[in-house]
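Peer 1: sequence and predicted structure below; questions after.
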Amino acid sequence: MQATAADDAAPELDASLTAYVADFIVGTRATDIPADVVRLGTRSVLDGIGLALAGAASQTGAITRRYLETLGIANPHGSTVIGSRLRVSARFAAFANGVSIHADDYDDTQLAVAKDRVYGLLTHPTAPALPPVLALAERERRSGRDLMTAYQVGVEVECKIAEAIMPRHYQHGFHSTGTCGAIGSAAGAAHLLGLDRSTTRRALSLAASQAAGLRENFGTMTKPFHAGRAAESGVVAAELAALGFTASPIGLEADRGFFRAAGGGYSADAIHGRLGAPWTFASPGVSIKPHPSGSLTHPGMSVMLDLIHRHDLKPERVKRVAVGTNHNMPNALIHHRPENELQAKFSMEFCMAILLLERKAGLEQFTDEVVNRTDVQALLRRVEFGVHPEAEAAGFDKMTTIIEVELDDGTVVRGAADFGKGSPANPMSDHELSEKFRQCAQWGGLAPAAVDPLLDLLWRIETIANVNELTSRLSKG
């Protein structure tokens with residue numbers, strides 16, 4: 001039973017930003033979502049499920065499950081913790097699955113619109129937005145279409161919040177997947193649970209009060225923890241609000257609210273009137289990663305792969321690699337001498353070295369053993385990574401990366417790219433995405449015979465009558 005409240009009574013509150021966001025959450029229907037956006041959302045959900053399977057096999061995923069087991073909260077009628085036999089309440093399933101989706105840093109990435117918003121440094125949309133609605137839809141035995149509509153609502157709110165907040169938010173150390181993701185998670189959960197406008201406003205404020213995550217933790221298990229907690233926070237916010245828990249009706253834009261406290265303010269024109277107009281999936285789009293590393297490495301990796309194949313580059317002949325970007329990129333790719341796979345995901349030097357050595361960079365390359373190989377450590381020390389004036393001038397809404405490779409005979413080959421493979425400018429095909437899913441499912445230990453039927457189900461997720469048809473295929477053991 002939903003609580004009632006009179007917090008919408010004042011005209012100035014009724015016209016608030018939080019009210020506008022709540023109206024979008026409550027009022028959006030499946031029929032409001034354009035066909036191209038539906039298709040793009042399906043691609044990201046398919047990708048996210050594959051990543052949850054792979055991430056469940058990581059040390060991060062295993063520790064998360066061990067922690068949940070110590071709480072004594074296992075429930076045979078609960079929601080599925082992907083890649084395990086464990087079932088728990090929706091909030092904890094959302095937490096575990098959010099951690100797993102982000103565990104390998106292989107998940108989708110929001111693009112920036114404004115020039116001062118750093119491309120690739122806004123949010124990873126699916127990791128916070130999918131797990132809460134999946135867990136709740138499983139519990140409530142809802143349809144695939146209901147799940148996907150709630151997911152689209154969550155992603156849209158999350159991305160527009162991230163686009164609107166002042167860039168100081170990220171630049172000063174907040175991880176927006178954890179912060180804006182919590183609000184997007186609450187939006188999706190509120191929609192799926194059918195909360196009314198007033199209750200949804202309180203849920204948004206509850207989520208905003210839980211929004212957290214520090215970039216200092218990049219390259220550690222705490223980065224995917226941010227995504228998991230954001231996913232969990234949305235469930236907690238929506239369910240507490242539904243029970244009558246009180247919160248400010250203007251928690252987003254108030255002087256002491258989320259935007260002001262966490263970012264020093266926001267650009268109203270980046271969010272007011274912009275939810276679903278256009279949908280983020282349609283413009284500027286969302287990138288799907290071909291490599292399990294920070295998205296800022298991907299244009300450089302695309303350039304390096306092209307140079308390797310065009311010039312048949314051999315690592316033993318490489319004297320020096322110079323990688324130049326705008327100044328925001330080294331600010332995130334902070335591990336210049338990585339010692340483990342989590343640090344390697346935020347190391348341009350490692351990404352260049354591993355491509356030169358193996359001509360690929362997938363899950364099997366991002367392991368502690370590979371990172372610490374003698375040849376890898378030696379070669380990454382030949383990579384110089386810093387700011388290039390051309391890349392700086394290109395603007396922060398791009399990830400312009402300029403690479404020069406000097407060979408032992410003095411020959412220099414050069415390449416540059418604004419965007420990497422997987423971006424809307426150079427998207428992965430459906431076939432490539434399916435292959436990525438198969439590799440992730442295999443990495444996660446899903447039985448080979450189960451992979452293609454699951455993949456088929458995900459491509460037609462909107463037609464599923466009961467989400468349990470999907471989640472029943474996601475357990476292991």
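Peer 2: That came through, no problem.
Peer 1: from now on I want contacts and neighbour counts done on CA atoms only, so please keep to that.
Peer 2: Fine.
Peer 1: Glu156 against Gly276, yeah?
Peer 2: Yes: using Cα atoms under 8 Å, Glu156 makes contact with Gly276 at a distance of 7.0 Å.
Peer 1: neighbour count: the two, which is higher?
Peer 2: Remark: of Glu156 and Gly276, Glu156 carries more neighbours, 27 against 22, as counted by other Cα atoms under 10 Å.
Peer 1: tell me the spatial nearest neighbour of that one, not counting adjacent residues.
Peer 2: Thr280 (6.1 Å; Cα to Cα, 6 or more residues apart in numbering).
Peer 1: separation between that neighbour and Ala112?
Peer 2: 10 Å (Cα to Cα, to the nearest Å).
Peer 1: shaky segments in the stretch 101-250 of the chain?
Peer 2: 116-121 (pLDDT under 70).
Peer 1: for it, which segments are assigned as strands?
Peer 2: 109-110 (DSSP state E, counting those that start in this stretch).
Peer 1: likewise for the stretch 301-450 of the chain?
Peer 2: Using DSSP E, counting those that start in this stretch, strands in the stretch 301-450 of the chain cover 318-325, 383-387, 401-407, 412-417.
Peer 1: okay if I get those strands as TSV plus mean neighbour count?
Peer 2: Shown next, in TSV, are those (neighbours: other Cα atoms under 10 Å):
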stretch	mean neighbour count
strand 318-325	22
strand 383-387	18
strand 401-407	22
strand 412-417	16
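Peer 1: now render the ones you listed as a markdown table, adding mean pLDDT and distance to Leu136.
Peer 2: Formatted as a markdown table, those follow (pLDDT from 0 to 100; distance: least, Cα to Cα, whole Å):
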| stretch | mean pLDDT | distance to Leu136 |
| --- | --- | --- |
| strand 318-325 | 97 | 42 |
| strand 383-387 | 97 | 44 |
| strand 401-407 | 98 | 41 |
| strand 412-417 | 97 | 41 |
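Peer 1: tell me which residues in stretch 363-374 are buried?
Peer 2: Judged by neighbour count (16 or more other Cα atoms under 10 Å), stretch 363-374 contains these buried residues: Leu363, Gln365, Phe366, Val370, Val371.
Peer 1: just name the closest of those to Pro128, please.
Peer 2: Among the buried residues of stretch 363-374, Leu363 lies closest to Pro128 (Cα to Cα), at 21.6 Å.
Peer 1: quick check: Gly154 touching Gly188?
Peer 2: Yes: contact criterion Cα under 8 Å: Gly154 and Gly188 qualify, at 4.1 Å.
Peer 1: of those two, which one has the most company?
Peer 2: Each of Gly154 and Gly188 has its neighbours counted (other Cα under 10 Å); Gly188 has more, 37 against 32.
Peer 1: next, the contact list for the residue nearest to the spatial centre of the chain, please.
Peer 2: Nearest residue to the geometric centre of the chain (Cα atoms, centre = their mean): His124, 2.1 Å. Applying Cα atoms under 8 Å, 6 or more residues apart in numbering, we find His124 in contact with Asp107, Asp108, Thr109, Gln110, Thr177.
Peer 1: over to Ser185?
Peer 2: So Ser185 contacts 128-130, 132-133, 154-155, 158, 230-235 (Cα under 8 Å, 6+ apart).
Peer 1: how about 7 Å then?
Peer 2: Counting by Cα atoms under 7 Å, 6 or more residues apart in numbering, Ser185 touches Pro128, Ala129, Pro132, Gly154, Ala230, Ala231, Gly234.
Peer 1: name the pair among those with the greatest separation in space.
Peer 2: Longest span within those, Cα to Cα: Gly154 and Ala230, 11.7 Å.
Peer 1: tell me the buried residues in the helix or strand Val45 falls within?
Peer 2: Under the criterion of DSSP states H and E, Val45 resides in helix 35-56. Residues of helix 35-56 classed as buried: 37-38, 40-56 (neighbour count, 16+ other Cα under 10 Å).
Peer 1: could you list the domains of the protein?
Peer 2: 11-287, 295-417 (automatic domain parsing).
Peer 1: tell me which of these lies nearest to Leu457.
Peer 2: Of the domains of the chain, nearest to Leu457 by Cα to Cα is domain 11-287, at 9.4 Å.
Peer 1: off-centre distance for that closest one?
Peer 2: 9 Å (Cα atoms, centre = their mean, to the nearest Å).
Peer 1: okay, now Lys115: neighbour count?
Peer 2: Neighbour tally, Lys115, other Cα under 10 Å: 12.
Peer 1: not counting sequence-adjacent ones, nearest residue to it?
Peer 2: Nearest one to Lys115, counting by Cα to Cα, 6+ apart, is Asp397 at 5.1 Å.
Peer 1: swap in Glu349?
Peer 2: Distances taken as Cα to Cα, 6+ apart place Leu380 nearest to Glu349, at 5.1 Å, with adjacent residues excluded.
Peer 1: tell me if I'm right that that neighbour and Cys351 touch.
Peer 2: No: in this structure Leu380 lies outside contact range of Cys351 using Cα atoms under 7 Å: 8.3 Å.
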